[in-house]
Structures are given as structure tokens and as C-alpha cells.
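what follows is a predicted protein model with its sequence.
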There are 2 protein chains.
Amino acid sequence: MSKGGYEQFCPVAMAAEVLCTRWTIVLLRELMAGSTRFNALRRGVPRMSPALLSQRLKELEAAGVVAKSGSGNGQAGSEYRLTEAGRELIPLIQAFGFWGQRWIDAELSLSRLDVQLLMWDMRRNLDPDPLPPRRSVIRFRYDDAVAAQALWWLIVEPGVGVDLCSVDPGHDLDVEVRADVRTMTAIWMGHETVKTALADGRLSVEGDRDLCGSMQTWLGLSPFASTPKPALGTEAG
Amino acid sequence: MSKGGYEQFCPVAMAAEVLCTRWTIVLLRELMAGSTRFNALRRGVPRMSPALLSQRLKELEAAGVVAKSGSGNGQAGSEYRLTEAGRELIPLIQAFGFWGQRWIDAELSLSRLDVQLLMWDMRRNLDPDPLPPRRSVIRFRYDDAVAAQALWWLIVEPGVGVDLCSVDPGHDLDVEVRADVRTMTAIWMGHETVKTALADGRLSVEGDRDLCGSMQTWLGLSPFASTPKPALGTEAG
DNA sequence: CCGTATCCGGACGGATACTG
DNA sequence: CAGTATCCGTCCGGATACGG
């Protein structure tokens, strides 16, 4: 095949030519989640090499899915955003997520643990509404993570947003959450609940009474957490 | 990366790991279109090597998307069908098609001409209802195709189905359609109509008056032909 | 007819280091 | 911060040949 195409006029094949190259779908998910800068995208796709990221962004730009802004002469400050065509891919990416949540074995997902991605996602989806109308500081401690990734602070400033630090920001703590990475990821993905994890001691939450009690509420889950699982008794996998 | 995975627990990434390897989406489209045998699948994905097709089918089987039937000891007569999980991918594949039809430049699609795929698709989507309640034989002649792919017969037997031959089946003709591959593909994809192609002479239809007149009706178009194109004036691609 | 195995060359992708 | 350059391994495509 000359140059990676499928040589089929069928629109499915044409679209797959653009979208089904390595990392592209994951990169689009990251763009949809709101990252626009090169290094922000790298955080969301940490195992993708910068060379390939650069190449994919150019390809998506050429395909009309992404638009680059801000690079007059230098390239400082340039941002990548979805075009109209790119925004119309949102339901498609969501379809990947729903299908994956529904049909990929939870054990398989939980063999791909990554604290950094987890915390970044939690930052994005945390719901400040159940929190008190003042700054709240929540520390996560992962005893099974490497030292540099064991402690994380989520700082919620009402009306401002949510900040994530992996170094002590120096504020007083309202809550400390303690778990292993797997348990916290399982909760985040909706495979179990705060309650069940507390019950058998794999999770502990200490500090402000109200915040501890409402953790399942303010902890926003993955956008796919509520996807129904298939009924039992379907064909074997 | 060890072995092609993305190492992300995110269900989008997990699903992309299964679905976004080379040829996989196109193969799934073919399975959805109803092909079940190895060589039938090869016809629909002609540029995929048999080794890779075999490998992908095994991967999809392992992922629970496809089930193989009929291979007790030998492998003769085995068939591949979508499982429940596979059938739930149908909307996702359709989303690829709709997006491709809407956002991929028609000229780009029309640079991927393939008479064989075109005729096979036409066979699948032809609508016998507007045809008379007897056998109809329609011959397509493509003057710009290589000799072996210049002549095609569609034989419609009411109540039985539609047959496609590239050698003369020996029946009397009801209609002969004559065009270049590009024109016929453009019509099939909904980028132009029988009427416009007839008007400037790139298409000619001769034979039975009624059948000639109703060609746009009995010629079923691509499932994506009716997808609306984006309004003018959106961002550049 | 229905696949599987192998070999080879080329394109793609990963890791690392480096520059404006 | 925003990418490039380089090196090297792996995957893919094409051809061919072989077994059920």
C-alpha cells in the first residue's frame, strides 16, 4: 500500500485513514477534554513521543480537524483547537468510551494504572457544588505509588476552579484520602463505590466530617462511569 | 511501548487499543455488511493481506468482538460473525461513515476508485422493489476500466436476491448502463445524481424504458449518500 | 476452497537528546 | 515552553509456498 491509505472510496475507510492511526483517538480525547497547548497535550498522552505528537497535530490540521493558532513567526504560545469538523467527532470518541466501558474487562483496564492521569482526570471532573463556599484542600496519599507520585493536593477555590499539585502548597488540609492506586482508579471508573472500598479498608477518608461523608458526590467520576454493563449471559468473549 | 497498548485505563484508550489498529475498522464494516467467510471478507478488504486478515480476526475474537463458528478440527466452512459486543459497534462504525461523508473532500474519495468494491456495494444495496416482478438483467460497462473489470452483470431475481457476475451469464439484457468509474462512484456516493450525469453525457442508460427511467430509484445508493454536507463558511480545512 | 507460514523490504513509531 | 533530529526496533504489505 502506498503510504498507509486503504485505497477505498468508502467514507468509513476514508475516515479511518484519518482517525485510526496510532495515538490519534487518544489525542482527540485529550483535545476534547480541553487541552490546547503542546505540553498540556503531552501530559494527557504521556507515553506518546513529542515527535509523533507534533506529526499527528500536523496531520489533523491538514485533515481540517484541528486548527493551530498563535504561531506568527516563533511558535511560542501556539494553541491547538478542534475545528467544526473536529467537534463533530465528539460523539464518535464518546462512542469509543461507552463501548470500552461496557465491553472491556475491568481487570484489563485496571492493569493500566497511572496515578498522574487519574489525578489529572479527577481535577477536571471534580464537582465543587457539594463543597463549602470556601477554599477546600484535599490530599490524596497513595502508599503503593513511587515517592514522587504518592502525594497529591486538590485545591478547590469556589468560583475560581480546581488546582492540582504534587508538591505541598502549604495550605491546611480539610480532608486526607488514602488508598492504593487501583482502588481509587476503580472508584473513579465506576467499578466500585466509595462505600464498598471504605467497608473493607482499602480506602480511608479523614478530616472534615461533611466532606468525608460527601466524597462520592464531590468526587466527580469518569464521564463513562455510569455506562450500563451488558446483561449476564451474552456470548463469551 | 510494550506491545502496542496505550497504557491508559481510560475506556477510550482501551477501546482504541482494540479497534484502531490498521484495517480493523474497515474489516468491521465488512463484517457488519454481512460477510462471514474468510474469502468474502477478502473481497471486501482486497488490499489487506490474508496473513493480516487472519491475525486481525483472531485479535477480534480474543477481544470478544467476533465469534468463529464451524471449525471443529479442520477449518473448512468456518464463519465469522459479530458477537453482541461487535453488534454494539455498529453505531460507531456508522459514525465513521457519516463523518467521512460529511467532512472528507469528495475529490479525495474519488481518487480511491475501485470498480470491484463499487459493484459489490451496488449488489448489496440494490432495491428490487421498483423493478418488474420478473428477472431483470442489468449490464454495466466501464470504458475506462481494465478489460477484466469493464463488464458487470447484475441479475435481480424477485424473491431470490441480486447476483453479480463479471462474466456473461447468458441472459438477455434489460438495461445497459455505461459510464466511467468515477462518474458511477460519484453517483453511488451521492455526490451527484443520475440526472446530472446523463445531462452532460458521462452516463448513458439504454434498454427497457421503465427501468431506464427509474434507475435513480432501483440503484440503491451508499448508506452514507444522504448525509448532509456542512454549511458553507465553516473554518478552513 | 479456506486458510497458515515465511521471508524480505519499507514505513511507522518509540526513546533520547538537543535546539530556539 | 515548543518542538526537531536521530537512531533503531517493530509492524505491515507483497509474494510465495504450503497444509486441510
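Here it is on my side, so go on.

A:V156 is in what secondary structure piece?
Assessed by DSSP states H and E, A:V156 sits inside strand A:151-157.

okay, now the sheet partners of that strand, with direction.
strand A:136-142 (antiparallel), strand A:161-165 (antiparallel) (DSSP bridges).

now chain A, which segments are flagged as low pLDDT?
By pLDDT under 70, the weakly predicted segments of chain A are A:1-3, A:71-76, A:233-237.

which parts of chain A are helices?
A:11-19, A:24-32, A:38-44, A:50-62, A:84-87, A:90-103, A:106-109, A:115-125, A:181-188, A:194-199, A:209-213, A:215-218 (DSSP state H).

what's the closest of those to B:A33?
For these, the distance to B:A33 is smallest for helix A:11-19, at 10.0 Å, taking C-beta to C-beta. C-beta: built from backbone N, CA, C; applies to glycine.

return the residues in contact with the closest residue in space to A:V156 that isn't next to it in sequence.
Here the nearest residue to A:V156 in space, its sequence neighbours aside, is A:S136; by C-beta to C-beta, 6 or more residues apart in numbering or on different chains that works out to 4.6 Å. Contact analysis of A:S136 by C-beta atoms under 8 Å, 6 or more residues apart in numbering or on different chains lists A:I155, A:V156, A:D174, A:V175, A:L211.

just A:D168 next, same as before
When contacts are counted by C-beta under 8 Å, 6+ apart, A:D168 is found next to A:L151, A:W153.

circling back to that earlier point, who touches the strand holding A:V156?
Contacts with strand A:151-157, where a contact means C-beta under 8 Å, 6+ apart, come from A:115, A:119, A:122-123, A:126, A:128, A:131, A:135-142, A:162-166, A:168-169, A:171.

A:V175 pairs with what?
On the basis of DSSP bridges, A:V175 is bridged to A:I138, A:G207.

do you know how far it is from A:D144?
20 Å (C-beta to C-beta, to the nearest Å).

check the gap between the residue nearest the centre of chain A and A:Y142 for me.
In chain A, the residue lying closest to the centroid (C-alpha atoms, centre = their mean) is A:D121, at 3.9 Å. Using C-beta to C-beta, A:D121 is found at 15 Å from A:Y142.

do the same with A:E79
For A:E79 relative to A:Y142 (C-beta to C-beta), the value is 32 Å.

what's the answer for A:L110, then?
14 Å.

more neighbours: those two, which one.
A:Y142 (22 against 16; other C-beta atoms under 10 Å in any protein chain shown).

wait, that one touches A:V181, no?
Yes: if you go by C-beta atoms under 8 Å, A:Y142 and A:V181 touch, sitting 5.2 Å apart.

what is in contact with those two at once?
With C-beta under 8 Å, 6+ apart, A:Y142 and A:V181 have common neighbours A:V115.

list the contacts of the residue nearest to A:R139 when sequence neighbours are not counted.
Leaving aside its chain neighbours, A:R139 sits nearest to A:E176 (4.7 Å; criterion: C-beta to C-beta, 6+ apart). Contacts for A:E176 (C-beta under 8 Å, 6+ apart) come out as A:I138, A:R139, A:F140, A:R141, A:V205, A:E206, A:G207.
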